[in-house]
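J.: With the input below, show me the fold.
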Amino acid sequence: MAASDDTLTKVSTDAATDFVKSFYPALQSNRPAIAAYYTQPTTTILFNGNAVADGNAVQDIFINQMPPTHYEVQSYDCQIINQAYPTPATAATPSAKSSKAAAKNMSILVIVSGFVRFGPSKDLPQRGFSETFVLVPNPANTAGKEWLIQSQNFRLVV
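T.: Numbers count the residues shown, from 1 in each chain. A predicted model of the protein is given here:
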């Protein structure tokens, strides 16, 4: 059953909102959970133009190299990239899917901007950032995550 445009919009918007409200707090205070946000394998992860191998490497950077961080998300938006992202569940039982479940078989572009502060003091300067993600469905729903990062590009902008 094909999902309506309204359903696709609602699912993608809810996915972006849930992701942003979960991912940035994890970067701040639940760093051992960071790798669970990524697909295996990921296609591309870039931090200021530097490639990072995978979600485990991102987690390692945040645990072992990054000072405490505070993210202040100012805005985010999303766009559906592929309305029919191929997942094992889609291939196995496409006709058995409800419209809402079928809508979750898509890839989503999520664009986030805001400020980040590196270090524990609230007196340290904030830097602007822009970050772009491609989220794909998590067919196993591991770690309670319906969406995983397939691609990520982080840039400090100030």
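
J.: ok, which stretches of this protein are helices?
T.: 5-29, 55-64, 88-92, 99-103 (DSSP state H).

J.: weakest of those by average pLDDT?
T.: If you rank the helices of the chain by mean pLDDT, helix 88-92 sits at the bottom with a mean of 54.

J.: Next, the angle from the lengthiest strand in the chain to helix 5-29.
T.: Ranked by number of residues, the top strand in the chain under DSSP state E is strand 69-82. Strand 69-82 runs at 150 degrees relative to helix 5-29, counting by axes from the mean of the first three to the mean of the last three Cα atoms, to 10 degrees.

J.: Buried ones in strand 69-82, by neighbour count?
T.: Of all the residues in strand 69-82, those buried under the rule 16 or more other Cβ atoms under 10 Å are T69, H70, Y71, V73, Y76, C78, I80. Using the backbone N, CA and C atoms, a C-beta is placed for each residue, glycine as well.

J.: how close does R31 get to P25?
T.: 11 Å (Cβ to Cβ, to the nearest Å).

J.: which of the two has more neighbours?
T.: Here R31 and P25 are compared on neighbour count by other Cβ atoms under 10 Å; more neighbours surround R31, at 19 against 12.

J.: What distance do you get for that one to G144?
T.: According to Cβ to Cβ, R31 and G144 sit 17 Å apart.

J.: By mean pLDDT, which helix or strand of this structure comes out lowest?
T.: Least confident helix or strand of the chain, by mean pLDDT, DSSP states H and E, is helix 88-92 with a mean of 54.

J.: Can you get me a residue count around N141?
T.: Other residues near N141 come to 10 when the count uses other Cβ under 10 Å.

J.: Good, wrapping up.
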